[in-house]
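Visitor: Build me a structure from this.
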Amino acid sequence: MNPKIEVTTVNGNGSFARRLRLRRLYRHDSAGLLVVPLDHAIGAGPLAHRGTLDSLVARLADGGADAVVLHKGAVPRVRPDRFRALSLVLHLNASTGLAADPDAKYPVATVPEALRLGAEAVSVHVNVGSATEDRQIAHLAATAEQCDRWGVPLLAMMYVRGPAVDSRDPAQIAHALAIAAELGADLVKTALPDDPTAIARITAGCPVPVLAAGGEADGANVSRLAAAMRAGAGGVAAGRAVFTADDPGEVTARLADLVHRTTVGAR
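Guide: Got it, this is the predicted structure:
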């Protein structure tokens, strides 16, 4: 188990229920966590994959993913038995690429809705440095309070995006992660820089596990994620790299092998 998760669960970040659900996310009893976000349809249109959403989620489960991120309307399109070996994370905010400000995010679901749908955790996306940063951070804080009240783990998807910020600047990325941790997130996902030394500083300075955001489905991207894991990332959160692949199950298996064979605690 990731030592940062051990500290969280032992010292008590929230209720027993929250700590129990957080442990359950780690389906493969390893130091790393593999999450596959499938929340892209609201932002960019229908997911480009073959077959149904249910069959896609089945391939992710068979490939060794620990969790999948879905919006509330997508959950009923997946058979419940898919979640015997896979956790459900409900995404709570959204935006579209058609908006005047595509970096804006607004609430579309709540923690109680997530519990009614059987979710193990929830996620919130924040674009730090955007024109609506204040509303997004306020929503993250309010969600953290709901998570504490209802005993639900919180994954914060933190990106540096806006007119006057540098999305690859290690200091700004570290700042974004600090916001998530300070407001009560249990896990944080972000786009990490390419420099392993910078990744090591960022992940060491963050008190909760950092998941490396995925990218396109290609060998170079898998190599980049492997380097991020070796430098201290606590796992991978890859969506497009999986569902746009010719064989999502094969890509998931490759990432699962990468994540679940890397021992973060040994670094």
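Visitor: What are the buried residues along the lengthiest helix in the chain?
Guide: Longest helix in the chain, counting residues (DSSP state H): helix 133-150. For helix 133-150, the neighbour count (16 or more other C-beta atoms under 10 Å) marks 133, 135-137, 139-140, 142-144, 146-148, 150 as buried. To be clear about C-beta, it is placed using only N, CA and C from the backbone, and glycine gets the same treatment.
Visitor: could you give the mean pLDDT of it?
Guide: Helix 133-150 carries an average pLDDT of 98.
Visitor: what separates that helix from the chain centre, distance-wise?
Guide: Helix 133-150 sits 16 Å away from the centroid of its parent chain (C-alpha atoms, centre = their mean, to the nearest Å).
Visitor: who's in contact with it?
Guide: 14-15, 17-18, 92-93, 104-107, 110-112, 115, 122, 124-128, 130, 152-154, 156, 162, 179-180, 183-185 (C-beta atoms under 8 Å, 6 or more residues apart in numbering).
Visitor: Run through who's touching the next helix or strand after it.
Guide: Scanning forward in sequence from helix 133-150 by DSSP states H and E, the next helix or strand is strand 154-160. For strand 154-160, the external contacting residues (C-beta under 8 Å, 6+ apart) are 35, 37, 69, 89, 121-129, 140, 143-144, 147, 166-167, 169, 172-173, 175-177, 179-180, 183-191, 211, 213, 237.
Visitor: Need the per-residue pLDDT for Thr8.
Guide: Looking at Thr8, its pLDDT is 54.
Visitor: sec struct for Lys189, please.
Guide: Three-state call for Lys189 (DSSP: H, G, I helix; E, B strand; the rest coil): strand.
Visitor: Compute the number of surrounding residues for it.
Guide: Other residues lying near Lys189 total 31 when counted by other C-beta atoms under 10 Å.
Visitor: What of Asp194?
Guide: Neighbour tally, Asp194, other C-beta under 10 Å: 10.
Visitor: Can you tell me the element it falls in?
Guide: Judged by DSSP H and E, Asp194 forms part of no helix or strand.
Visitor: Show the pLDDT at it.
Guide: pLDDT for Asp194: 92.
Visitor: Am I right that it is in contact with Arg224?
Guide: Yes. Taking contacts as C-beta atoms under 8 Å, Asp194 lies within contact range of Arg224: 6.9 Å.
Visitor: ok, now which ones touch Val89?
Guide: Counting by C-beta under 8 Å, 6+ apart, Val89 touches Leu25, Val35, Ala67, Val68, Val69, Leu70, Ala119, Glu120, Ala121, Val122, Ser123, Leu155.
Visitor: Could I get the phi/psi values of the nearest residue to the second one once chain neighbours are set aside?
Guide: Spelled out, it's Val35. Among residues not flanking Val35 along the chain, Ala237 sits closest, at 4.3 Å (C-beta to C-beta, 6 or more residues apart in numbering). Per-residue torsions, Ala237: phi -120, psi 100 (degrees, to the nearest 10).
Visitor: and if you look at Ala17?
Guide: Backbone phi and psi, for Ala17 under degrees, to the nearest 10, turn out to be phi -60, psi -40.
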